[in-house]
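Engineer: generate coordinates for the sequence data below:
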Amino acid sequence: MNNRNRLTAYILAGLVLGIVVGYIANGSLANPTGFSDAMSLITTLFLRLIKMIIAPLVFSTLVVGIARMGDTREVGRIGIKALGWFVIASVISLSLGLILVNLFRPGDALAMSNLVPAAGTASGIATSSLTLKEFITHLVPASIVDGMAKNEILQIVIFSLFFGTAAAAVGERAKPLVDAIDGIAHIMLKVTGYVMNLAPIAVFAAVSGIIAKSGLGVLKTYGVFMGEFYIGIVLLWIILTAIGFLFLGPRIIRLLVELREPTLLAFSTASSEAAFPKTLEGLERFGVRNRIAAFVLPIGYSFNLDGSMMYCTFAVVFIAQAYGIEMSLGTQITMMLVLMLTSKGMAGVPRASLVVIAATLAQFNIPEAGLLLLLGIDHFLDMARSATNVIGNGIATAVVAKWEGELAPPVTKELATTELP
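Structural biologist: Have a look, this model is predicted:
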């Protein structure tokens, strides 16, 4: 068993053990919330270690990739192709959420129950940070140091685009600096390997903590809603894989195999960011050139969160159904178009999907208190969303590489990223 397979097995073991320990803690401890809080410290430490890596890793790999392209027209062409795929994937994800929530109508089961909170109840979720104006002004960093300190991936990407393009234009005089940044990229990938050794422990802590706090009872209460949402997630995976097959052929299976570890990590920790370094490595083992992967993947983390977008439409209409509010087809299409804009850049916002949903509810006069219906199970839903985001971005990056003729045969050695072009 090689190191990657061994780590995957350990993560799975941590996931199963976390469920068992969390269930025991929930039923036997006098204060399961205290146990949950203690476990959350381990999870938080791991996620902070991951976030420590992301800014220098994105900056270094993206700058080196662009600087060594040497052609700004190539950067623009790849960017347009990536954004074109992201728009199509966004429409598919949002539309699938709308279709399934209208087909299943999960909110009807709660409409006549006492579980629906009063319309004026505060949800505690802020909505002011996701307006279109805020997003546009937030796009360009006032200071790259501030953007890196806050792990604003989109801001880091914007600065890296300018920096890498300028380095390519300077030519030979910039070569020593580009080589130094290349060295930083290799160092950060080595640091990633060290941090990932803690992943099984973090997965155990995350799962046991949430099960100890919420118990398996919450899954029974919302079992139908969660089951229908997970059916939607599976359908979205099938659709994305089918579209990927049109471009990649049978190699799509190999891609999914390479993405299994980051997908499992994202699912277990309910964090797409936690899987970013491993997703980058998996794509390069699959054969995607580093300059493509390092460019498309960070952009996808802001513009191509397929699982999160499907959840937004599914959840908004679910809440409307729970309050007995019927949304016309025209209103739902308008809502989908609004979500196309407001969902962009959600990767850097804590509890991002809930914030987007809260903003959307307010715009369409649906009681914001309906968010309380989701808070207890949001972690379990976020696990599926995060895993789907990894799959969606992995397929998108591989397809763009195929379009560009930059998809090489799979790399067989342990770590493809030891050779950055």
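
Engineer: list the buried residues of the longest helix anywhere in the chain.
Structural biologist: Longest helix in the chain, counting residues (DSSP state H): helix 32-69. Neighbour-count burial for helix 32-69, counted by 16 or more other C-beta atoms under 10 Å, picks out 32, 35-36, 39, 42-43, 46-47, 49-50, 53-69. Every C-beta, even on glycine, is put in place using the N, C-alpha and C of the backbone.

Engineer: from the chain's centroid, how far away is that helix?
Structural biologist: 13 Å (C-alpha atoms, centre = their mean, to the nearest Å).

Engineer: for that helix, name the packing helices and strands.
Structural biologist: Here helix 32-69 touches helix 3-28, helix 144-149, helix 153-170, helix 175-196, helix 199-214, helix 260-269, helix 276-286, helix 290-303, going by 3 or more C-beta pairs under 8 Å, 6 or more residues apart in numbering; DSSP states H and E.

Engineer: from Leu139, how far out is the residue most central in space within the chain?
Structural biologist: The chain has Ser272 as the residue nearest its centroid, 3.5 Å off, counting by C-alpha atoms, centre = their mean. Distance check for Ser272 against Leu139: by C-beta to C-beta, to the nearest Å, it reads 20 Å.

Engineer: now Ser93
Structural biologist: Using C-beta to C-beta, Ser93 is found at 22 Å from Leu139.

Engineer: these two: which has the busier surroundings?
Structural biologist: Counted by other C-beta atoms under 10 Å, Ser93 and Leu139 do not tie: Ser93 has more neighbours, with 30 against 15.

Engineer: contacting residues around the more buried one?
Structural biologist: Leu236, Asp306, Gly307, Met309, Met310, Gly392 (C-beta atoms under 8 Å, 6 or more residues apart in numbering).

Engineer: OK, contacts around Ser28?
Structural biologist: For Ser28, the contact set (C-beta under 8 Å, 6+ apart) is empty.

Engineer: in terms of pLDDT, where does it sit?
Structural biologist: Note for Ser28: predicted pLDDT of 89.

Engineer: re the thing from before, list the contacts for the residue nearest to the centre of the chain?
Structural biologist: Contacts for Ser272 (C-beta under 8 Å, 6+ apart) come out as Ala266, Tyr301, Leu305, Ala347, Ser386, Asn389, Val390.

Engineer: show me the contact partners of stretch 101-111.
Structural biologist: Under the contact criterion C-beta under 8 Å, 6+ apart, stretch 101-111 has outside partners 116, 224-225, 228-229, 313-314, 317-324, 332, 373.

Engineer: among those, which ones are in helices?
Structural biologist: Taking DSSP H, the ones among these that sit in helices are 224-225, 228-229, 313-314, 317-322, 332, 373.

Engineer: as JSON lines, those residues with pLDDT would be great.
Structural biologist: Shown next, in JSON lines, are these (pLDDT from 0 to 100):
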{"residue": "Val224", "pLDDT": "83"}
{"residue": "Phe225", "pLDDT": "86"}
{"residue": "Glu228", "pLDDT": "92"}
{"residue": "Phe229", "pLDDT": "94"}
{"residue": "Thr313", "pLDDT": "92"}
{"residue": "Phe314", "pLDDT": "93"}
{"residue": "Val317", "pLDDT": "93"}
{"residue": "Phe318", "pLDDT": "92"}
{"residue": "Ile319", "pLDDT": "91"}
{"residue": "Ala320", "pLDDT": "91"}
{"residue": "Gln321", "pLDDT": "90"}
{"residue": "Ala322", "pLDDT": "87"}
{"residue": "Gln332", "pLDDT": "91"}
{"residue": "Leu373", "pLDDT": "81"}
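
Engineer: could I get those as a markdown table with neighbour count?
Structural biologist: Below are those laid out as a markdown table (neighbours: other C-beta atoms under 10 Å):
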| residue | neighbour count |
| --- | --- |
| Val224 | 13 |
| Phe225 | 23 |
| Glu228 | 17 |
| Phe229 | 27 |
| Thr313 | 27 |
| Phe314 | 28 |
| Val317 | 26 |
| Phe318 | 25 |
| Ile319 | 25 |
| Ala320 | 24 |
| Gln321 | 23 |
| Ala322 | 24 |
| Gln332 | 20 |
| Leu373 | 22 |
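
Engineer: just those residues now: which is nearest Gly147?
Structural biologist: Nearest to Gly147 out of the ones in helices among the contacts of stretch 101-111 is Thr313 (C-beta to C-beta; 29.8 Å).

Engineer: low-confidence ranges, the protein, go.
Structural biologist: For the chain, applying pLDDT under 70 flags the ranges 1-4, 70, 111-136, 217-219, 221, 342-352, 411-421.

Engineer: distance of the closest residue to Ala149 other than its chain neighbours from Ala202?
Structural biologist: Nearest residue to Ala149, sequence neighbours excluded (C-beta to C-beta, 6 or more residues apart in numbering): Ala55, at 8.0 Å. Shown here: Ala55 relative to Ala202, a distance of 20 Å by C-beta to C-beta.

Engineer: sorry, back to before: any chance of the helices and strands packed on helix 32-69 in CSV, plus distance to Asp108?
Structural biologist: Output for these, formatted as CSV (distance: least, C-beta to C-beta, whole Å):
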stretch, distance to Asp108
helix 3-28, 30
helix 144-149, 44
helix 153-170, 38
helix 175-196, 44
helix 199-214, 24
helix 260-269, 29
helix 276-286, 38
helix 290-303, 34
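
Engineer: so which of these gets nearest Leu246?
Structural biologist: The nearest among the helices and strands packed on helix 32-69, by C-beta to C-beta, is helix 276-286 at 17.0 Å.
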